[in-house]
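[1] here is a sequence together with a model predicted from it:
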Amino acid sequence: MYITTPIYYVTDAPHIGHAYTTVIGDALARFYRLAGQETWYLTGTDEHGLKVARAAAEAGLSPQELVDDISQRYVRVWESLRISNDDFIRTTEERHRIGAKAFLQALYDNGDVYLAPYEGLYCVSCEDYYKEEDLLEGGLCPIHHRPVEHFSEDNYFFRLSKYSERLLAHIEANPEFVYPSTRRNEVIGFINQGLDDLSISRAQLEWGIPIPWDESQVTYVWVEALMNYATAVGYGYDQAQFDRRWPPTHLVGKDILRFHAVIWPAMLMAAGLELPRRVAAHGWLLVGGEKMSKTSLNQIAPDDLLGTFGVDGLRYHLLRDLSFASDGSFSWEGMVERYNADLANDFGNLVNRILNMVEQYRDGTVPARTGAEPVDVGLKNAAGEAVEALAGFADLGFNDALLGVWRLFGAANAYVEETAPWKIAKDPEQGQRLDEVLNGLLEALRVGAILISPVMPEAAAKLWDQLALPGAPDEPPYTETAVFGTFPELTVNRGAPLFPRIEAE
Ligand SMILES: [Zn+2]
């Protein structure tokens, strides 16, 4: 599984919207690794283009200085969010330059590139042309509400129009290619309106990758950025690696779906490459009802949330409270509520309670169960259902899958209430039953630690330590390790609570 996020444009500092896509990709990558599949997870930064050149000039820096600084901010924020990317591509790297030139040459050699005059209205913030009728009143960009600029020059064009039929046929034959289906219909509608050929170069710009056969032009930043998915895994310089990783699964926000589900696949067809397995477009993370953007000043930096919710609290919220396909609202109150209900109460409290009882009644050590079945088969069944629920990650159904995993904690909480170990502990004749009840509960925690590991890697590892288990919760394949059996005879240690309650104030 080769999973990608978009590469983030370095004129924007990392915010929670970037974190959303990247956490989704990370949970997916960790899930596939946990399932035992070879997985490669890529993210990175998009560092060329007019907007970068201008931002650098405004800041009194060279473009390279600006991109070095901001790309490092992304590297650091992904580290702080425990993102397990295998690679981080920067489009100013030599490997990308080599690969992108090879890709352009392939398009050219295939006869799909021609030179023609171009005149149009350009939004520098979008790095994109607009038609007059798409602009807001007063000639403003519909996204940025800023004036567009009139550009007129000779550009190289890619024969996008030539690929309409083949794109439609591919989308028709591969219902999973564009996800979710509402977005798929949107893409089909867009192609059916007719595709124009695409300008892929700029004449009046230096900060970019030169067109290999005409160095007076540089590659249009969007087209060049798309190529990162191929150049990062060896296209143009390491064919063996490329063959091993390709094709990718792309995760994107719905606003950049057309680039990924129309332009990019057409480019791949022209270059003779296999199309992505899937282009999955998630909804927007809204703050106060609006998409986060630099211009609307509603950005939230991940660091602002980590102090209160921790890495796992933030990751859990993004995956549990938002549905992949739809827009979701971010609110502090909602986040506190979710944290307290699911993490502090249902899960953290359960862990604390069980470990506390094991220490109190058995000095931390419960013998392994001797019978073939646990005293309550219900707990075993709940664990089996939780394991099945986790498979929903493959279909990007994170919220439902987590709901399914949490049913195991619900079942364990109910089991504690039903069996009331504090009562059994008073009866010396029920010693074996107490052992069996506690063993079942410890086993439920062991299975739980494995199942939460793609979303909450820190809590999973801490719980694993508290249970004194050897190895790690994320050792594959979970379909074998997370089978409910008997908990081994180990001396557990309670440790600090995993998720201390957050006061709403
Ligand atoms: Zn714009």
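    In hand now; what should we look at? Numbering: from 1, shown residues only.
[2] list the contacts for residue 278?
    Contacts for residue 278 (Cβ atoms under 8 Å, 6 or more residues apart in numbering) come out as 176, 177, 178, 179, 249, 250. Placement of C-beta: from N, CA and C, glycine included.
[3] list just the nearest of those to the ion.
    residue 250 (22.4 Å; Cβ to the ion).
[4] what does the pLDDT read for that closest one?
    With respect to pLDDT, residue 250 scores 98.
[5] mind telling me what element the closest residue to it other than its chain neighbours is part of?
    Spatial nearest neighbour of residue 250, chain neighbours left out: residue 279 (4.8 Å); criterion: Cβ to Cβ, 6 or more residues apart in numbering. Under the criterion of DSSP states H and E, residue 279 resides in strand 278-282.
[6] partner strands of that strand, parallel or antiparallel?
    Using DSSP bridges, the strands paired with strand 278-282 are strand 178-179 (parallel), strand 248-253 (parallel).
[7] hey, C-alpha coordinates of the helix or strand following the first one in PDB?
    Later in the chain than strand 178-179, the nearest helix or strand by DSSP H and E is helix 181-192. Listed in PDB are the C-alpha atoms of helix 181-192, where the atom choice follows Å, rounded to 0.1, in the frame of the first residue of the first chain:
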ATOM      1  CA  SER A 181     -19.500   8.400  -4.800                       C
ATOM      2  CA  THR A 182     -20.800  11.900  -4.500                       C
ATOM      3  CA  ARG A 183     -17.300  13.200  -5.500                       C
ATOM      4  CA  ARG A 184     -17.200  10.600  -8.200                       C
ATOM      5  CA  ASN A 185     -20.400  12.000  -9.700                       C
ATOM      6  CA  GLU A 186     -19.000  15.500  -9.500                       C
ATOM      7  CA  VAL A 187     -15.800  14.400 -11.400                       C
ATOM      8  CA  ILE A 188     -17.900  12.700 -14.100                       C
ATOM      9  CA  GLY A 189     -20.000  15.800 -14.400                       C
ATOM     10  CA  PHE A 190     -16.900  17.900 -14.700                       C
ATOM     11  CA  ILE A 191     -15.400  15.800 -17.500                       C
ATOM     12  CA  ASN A 192     -18.800  15.700 -19.300                       C
END
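[8] what is the following helix or strand past helix 181-192 packed up against?
    Sequence-wise, the next helix or strand downstream of helix 181-192 (DSSP H and E) is strand 198-199. Judged by 3 or more Cβ pairs under 8 Å, 6 or more residues apart in numbering; DSSP states H and E, the packing partners of strand 198-199 are strand 149-158.
[9] show me how far the strand it packs on is from its chain's centre.
    The chain centre lies 35 Å from the centre of strand 149-158; the measure is Cα atoms, centre = their mean, to the nearest Å.
[10] and the strand holding residue 279 with helix 181-192, angle?
    110 degrees (axes from the mean of the first three to the mean of the last three Cα atoms, to 10 degrees).
[11] of the contacts of residue 278, buried ones?
    177, 178, 179, 249, 250 (16 or more other Cβ atoms under 10 Å).
[12] what is the burial count for residue 187?
    Using other Cβ atoms under 10 Å, residue 187 has 22 neighbouring residues.
[13] one more: the one 10 residues further on?
    As a burial measure, the neighbour count of residue 197 was computed by other Cβ under 10 Å and equals 15.
[14] quick one, helices of the stretch 51-200 of the chain?
    63-80, 94-109, 164-173, 181-192 (DSSP state H, counting those that start in this stretch).
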